[in-house]
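In: sharing a model that was predicted from the sequence below.
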Amino acid sequence: MASPGGTSSGSSALQQISSPDQDQEELLVVNMDEKKRKRMESNRKSARRSRMRKQQHLDDLMAQVANLRKENSDLVTELNLTTHNYLTIEAENCVLGAQVAELTSRLQSLDQILNVLDATNHGHGHGHGIGAAAAAAAAAAVFGGEQTYPTTSTVNELTAAADCFMISPWTALHFNQPIMANADIFQ
């Protein structure tokens, strides 16, 4: 006799016994799931390595930017200092150039005075003639003041000064005027 339980137990035995196709299919699904899981894990690791490389590259670039900014700042500071030194030296050079021009002019005028005095002493006598007038004009031109014709005592004083000048040129003349030049006059 067939019992209802027997049939049912027979069908469950049939369900437990699977076909070889079904086993292969399950193995394929399991293998595919395993491969998919491994691929996903590999992709995660690769993405993590890629993010780490990008972060390292970004950190390197940020460090390079900081170094270049510091170097740029140092160069700007050095340029400003060099520019300041250049302008200072240029102003000093202008002052020295003005002093050279003034001293050259004064030296030429003193040479003219000495030539006139020498011509006066040797050519025309003391205090007379065109030489004395020229000496007075030259002295007035160099040292300021109005031009007057010298008296004998003035010519004698200039002659004594010239004689002294030949002996000690730096202490003889009392016509020393300070040389005034300032960098502000060129700006």
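Out: Perfect, thanks for sending it. Residues are numbered from 1 along each chain as shown.

In: after the helix or strand of the chain with the lowest mean pLDDT, which helix or strand is next?
Out: The helix or strand of the chain with the poorest confidence is helix 4-16; it has a mean of 48 (mean pLDDT, DSSP states H and E). Of the helices and strands lying after helix 4-16 in sequence (DSSP states H and E), the nearest is helix 20-119.

In: what is that next one packed up against?
Out: Packed against helix 20-119 by the contact rule (3 or more Cβ pairs under 8 Å, 6 or more residues apart in numbering; DSSP states H and E) you find helix 130-143, helix 152-167. Placement of C-beta: from N, CA and C, glycine included.

In: low-confidence bits of the chain, can you list those?
Out: Applying pLDDT under 70 to the chain flags the ranges 1-20, 123-187.

In: go with 90
Out: Counting by pLDDT under 90, the chain shows low-confidence ranges at 1-33, 35-36, 113-187.

In: could you export stretch 109-119 as PDB, CA atoms only?
Out: The C-alpha coordinates for stretch 109-119 follow below in PDB (Å, rounded to 0.1, in the frame of the first residue of the first chain):
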ATOM      1  CA  SER A 109      88.800 129.700 -11.700                       C
ATOM      2  CA  LEU A 110      91.700 129.500  -9.300                       C
ATOM      3  CA  ASP A 111      94.000 128.600 -12.200                       C
ATOM      4  CA  GLN A 112      92.700 131.700 -14.000                       C
ATOM      5  CA  ILE A 113      93.400 133.900 -11.000                       C
ATOM      6  CA  LEU A 114      96.900 132.500 -10.600                       C
ATOM      7  CA  ASN A 115      97.600 133.200 -14.300                       C
ATOM      8  CA  VAL A 116      96.300 136.700 -14.000                       C
ATOM      9  CA  LEU A 117      98.300 137.300 -10.800                       C
ATOM     10  CA  ASP A 118     101.400 135.800 -12.400                       C
ATOM     11  CA  ALA A 119     101.000 138.100 -15.400                       C
END
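
In: buried sites along that stretch?
Out: Neighbour counts over stretch 109-119 (16 or more other Cβ atoms under 10 Å) mark 109-110, 112-114, 116-117, 119 as buried.

In: can you lay out these as JSON lines showing distance to Arg49?
Out: As requested, those are exported to JSON lines (distance: Cβ to Cβ, whole Å):
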{"residue": "Ser109", "distance to Arg49": "89"}
{"residue": "Leu110", "distance to Arg49": "89"}
{"residue": "Gln112", "distance to Arg49": "93"}
{"residue": "Ile113", "distance to Arg49": "94"}
{"residue": "Leu114", "distance to Arg49": "95"}
{"residue": "Val116", "distance to Arg49": "99"}
{"residue": "Leu117", "distance to Arg49": "100"}
{"residue": "Ala119", "distance to Arg49": "102"}
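
In: what about Ala66, how many neighbours?
Out: Ala66 has 10 neighbours, counted by other Cβ atoms under 10 Å.
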